[in-house]
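S.K.: Show me the folded form of this:
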Amino acid sequence: ASALSELFIVQFIAHRWAWACDNNPADREADEIPVSELFDVVGGTGIGGFYAILFAVLNMTIEQAITSHNILNDQLFSTEQWVQEDRMASSSALDSALDTIIEQNQIQVDLSSPFGSKGEPIKCFVCVVNDKNTTHPRILRNYRIRTSPNPRCTIRQALRATLADGTHLPPVVLQHERLVSGVPRFANISRALIKELPVTVPRGTHLACFVNIGSGHPDTHSVAQELSSQYHDLGPCYFRLSMHREVRAMDETYSHTTEYLGADEVSVQIDCIVETLIQRYGVVPTERLGSLAGEDGKAKLVAQVEAVHEDVGYIRTNLDKNIFRCVKEWLQPVDHTAKLDENIQARGATTCEWFLEHPGVMKWKSGSGGSCWFHGASGLLISE
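M.R.: Numbers count the residues shown, from 1 in each chain. Take a look at the predicted model:
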């Protein structure tokens with residue numbers, strides 16, 4: 001039940017994004033927004049990998065993902081008989097639950113299609129391990145990379161593999177390996193993502209927002225704290241959201257998650273995430289993410305970011321000076337001398353004589369003072 005909190009956290013992020021984003025047509029609610037509109041890459045293992053495939057490959061909304069979680073729970077994990085007998089479900093039972101998920105959500109995708117068909121909205125990877133050797137993760141991707149070939153599998157096999165734990169759900173045989181979920185060893189897949197991003201996105205891409213969402217698994221805290229420390233000096237780009245409370249009853253999950261998200265510190269984090277998702281301003285070069293593994297690499301990256309900030313400051317300063325100069329020139333009094341000389345040269349010999357010979361003007365000139373009023377186009381002044 002605690003895993004469902006991950007979906008509620010995404011729901012909160014989507015709600016604030018929908019509220020703040022000008023590109024949200026028809027004022028859609030958070031539940032109606034595909035996660036593919038928020039993020040470019042999603043990944044996970046265990047139930048997190050299941051969610052990643054729902055969002056990235058099946059392009060589900062958050063509401064559909066919550067429905068899918070409940071179907072999976074009801075058909076596989078919720079009975080007392082399951083707990084008492086500690087039995088292993090068959091692959092056919094899981095397949096039946098997956099088929100129900102596709103049918104009830106009206107998803108027009110064949111689960112026997114290759115995991116990595118063209119046209120999928122965003123990039124997705126799932127972390128699994130060999131059931132006899134859990135030291136090194138195996139990455140199932142819906143995209144191709146240069147450094148290594150992808151294991152060939154279908155969407156259904158990828159879903160089976162990320163959910164298989166070898167105890168309640170059987171391993172998936174894929175290319176002569178028996179694969180199971182990466183939980184608990186790789187429950188926090190942040191390290192896998194850091195290694196994955198440089199080969200996933202085009203070179204020169206900058207990371208804007210890295211959101212690590214957990215469900216309170218105890219083995220994930222140390223990794224999250226280490227990454228938070230390493231990213232601390234690089235500004236608000238790494239965010240860790242995880243409800244640190246074990247919840248076994250489904251009806252308690254939402255209330256506890258809402259309480260967690262209502263905390264001031266967490267609320268500020270979500271606001272920062274939303275602002276970053278809207279602005280899409282990258283800070284950290286993805287090809288340098290691997291250097292964060294050590295202090296030396298971290299120091300180098302911090303120096304690079306500071307250098308970029310100095311360059312931007314220099315550009316802004318000189319831009320401000322240029323703008324100031326242009327405005328100052330615009331506000332300077334106009335020098336009419338050149339134009340006046342030009343007009344004098346173009347003046348005819350008898351210009352304005354008709355005015356000086358006018359009876360009223362002649363009478364005024366020969367009089368004993370007083371004023372002579374005349375009207376004409378604005379801006380004209382004739383004096384003797």
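S.K.: Mind pulling up the pLDDT for residue 88?
M.R.: For residue 88, the model assigns a pLDDT of 58.
S.K.: Show me the strands in the stretch 201-350 of the chain, by range?
M.R.: Taking DSSP state E, counting those that start in this stretch as the criterion, the stretch 201-350 of the chain carries its strands at 206-207, 210-214, 238-242, 284-285.
S.K.: what lines up beside the last one in the sheet?
M.R.: In the sheet containing strand 284-285, its partner strands are strand 206-207 (antiparallel), by DSSP bridges.
S.K.: Return stretch 61-68 as CSV; C-alpha atoms alone will do.
M.R.: What follows is stretch 61-68, C-alpha atoms only, in CSV (Å, rounded to 0.1, in the frame of the first residue of the first chain):
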residue,chain,number,x,y,z
THR,A,61,-2.7,9.4,-16.9
ILE,A,62,-2.2,9.4,-13.1
GLU,A,63,-5.8,8.4,-12.6
GLN,A,64,-5.3,5.4,-15.0
ALA,A,65,-2.1,4.4,-13.1
ILE,A,66,-3.9,4.5,-9.8
THR,A,67,-6.6,2.3,-11.3
SER,A,68,-4.0,-0.1,-12.6
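S.K.: Can you tell me how far the closest residue to residue 130 other than its chain neighbours is from residue 161?
M.R.: With sequence-adjacent residues excluded and distances taken as Cβ to Cβ, 6 or more residues apart in numbering, residue 130 is closest to residue 177, at 5.3 Å. From N, CA and C alone the C-beta is placed, and that goes for glycine too. Distance of residue 177 to residue 161, given as Cβ to Cβ, to the nearest Å: 10 Å.
S.K.: neighbour count winner among the two?
M.R.: Each of residue 177 and residue 161 has its neighbours counted (other Cβ atoms under 10 Å); residue 161 has more, 30 against 18.
S.K.: Hmm, residue 181 and the more buried one touching each other?
M.R.: Yes: the criterion here is Cβ atoms under 8 Å, and residue 161 meets it with residue 181 at 7.4 Å.
S.K.: give me phi/psi at the residue nearest to residue 130?
M.R.: phi -120, psi 150 (degrees, to the nearest 10).
S.K.: likewise residue 114?
M.R.: Here is the backbone geometry of residue 114 (degrees, to the nearest 10): phi -60, psi 140.
S.K.: Could you do residue 140 as well?
M.R.: Main-chain torsions, residue 140, degrees, to the nearest 10: phi -100, psi 130.
S.K.: Without its sequence neighbours, what residue ends up closest to it?
M.R.: Nearest one to residue 140, counting by Cβ to Cβ, 6+ apart, is residue 126 at 4.4 Å.
S.K.: any low-confidence regions in the stretch 151-300 of the chain?
M.R.: Residues of the stretch 151-300 of the chain that meet the criterion pLDDT under 70 lie in 187-188, 215-236, 245-250, 282-283, 286-300.
S.K.: Helices of that one, start to end?
M.R.: Residue ranges of the helices in the stretch 151-300 of the chain, as given by DSSP state H, counting those that start in this stretch, are 155-163, 190-200, 221-231, 250-261, 264-279, 295-331.
S.K.: Ok, the stretch 1-150 of the chain next?
M.R.: Under DSSP H, counting those that start in this stretch, the stretch 1-150 of the chain gives helices at 4-20, 47-56, 62-72, 80-85, 91-104.
S.K.: so what pLDDT did the nearest residue to residue 139 once chain neighbours are set aside get?
M.R.: Once flanking residues are discounted, residue 139 sits nearest to residue 125: 5.3 Å by Cβ to Cβ, 6+ apart. On the pLDDT scale, residue 125 is placed at 90.
S.K.: Let me know whether residue 125 touches residue 144 as I believe.
M.R.: No: look at residue 125 against residue 144 with Cβ under 8 Å: they stay out of range, at 11.7 Å.
S.K.: Make a markdown table out of the strands of the stretch 201-350 of the chain and add mean neighbour count.
M.R.: Output for these, formatted as a markdown table (neighbours: other Cβ atoms under 10 Å):
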| stretch | mean neighbour count |
| --- | --- |
| strand 206-207 | 18 |
| strand 210-214 | 21 |
| strand 238-242 | 21 |
| strand 284-285 | 20 |
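S.K.: For residue 67, which of those is the nearest?
M.R.: If you check each of the strands of the stretch 201-350 of the chain against residue 67 by Cβ to Cβ, strand 210-214 wins as the nearest, at 19.0 Å.
S.K.: Residue 284 is nearest to which of the helices of the stretch 1-150 of the chain?
M.R.: Across the helices of the stretch 1-150 of the chain, closest to residue 284 is helix 4-20 (Cβ to Cβ), at 20.1 Å.
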